[in-house]
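Compute the structure for the input listed below.
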Amino acid sequence: MGEIDPSDFEIVGAEYQTWEPEIKKESVSKKLRKLPWISIIVFSAILFGCIFAPLIANHNPSTYYLDNLNEPPNSDFYFGTDSLGRDLFSIIWYGGRTSLTVGFLGAAIVTLIGITYVSRRKLCRYRRSFRT
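Presented below is the predicted three-dimensional model:
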């Protein structure tokens, strides 16, 4: 067999056009895959800030600084003070520790209850199948 010569063929048909593949746009799912990294970075920063609160906080959160009531943000009190003279920056980091502890303990308890409940249900169903 010999080679095929393209000049031997003639393309027929109304309004003949050559086919060009379309350049596909980035799908929505691919765009959304990038977004969790932003959340992970922000959550990690908050988590590390709360874990290392004693190193970050520049004042004791439970101490009353009566000379600095309702102080606006400055170099000594980064977020200012409240009406009782407490440092808001320190309160936020130590309060975050408490909130994260409650959240993680709640998630752990719910997970433990769920695992126990599902294991019990599956075990009972498994035993019932042997009785019949």
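
could you pull out the helices for this structure?
28-51, 53-56, 88-131 (DSSP state H).

now this structure, which segments are flagged as low pLDDT?
Filtered on pLDDT under 70, the chain yields the residue ranges 1-2, 11-18, 126-132.

tell me, what residue is most central in it?
With distances taken as CA atoms, centre = their mean, the chain has Ser39 as the residue nearest its mean C-alpha position (3.9 Å).

State the distance from that one to Val28.
Between Ser39 and Val28 the computed distance is 17 Å (CB to CB, to the nearest Å). Heads up, the C-betas are built off the backbone N, CA and C, glycines and all.

same question, Leu112
37 Å.

ditto for Arg125
As judged by CB to CB, Arg125 and Val28 stand 40 Å apart.

What of Phe52?
Look at Phe52 and Val28: by CB to CB, they are 37 Å apart.

more neighbours, the two?
Set Phe52 next to Val28 and count neighbours by other CB atoms under 10 Å: Phe52 wins out with 12 against 8.
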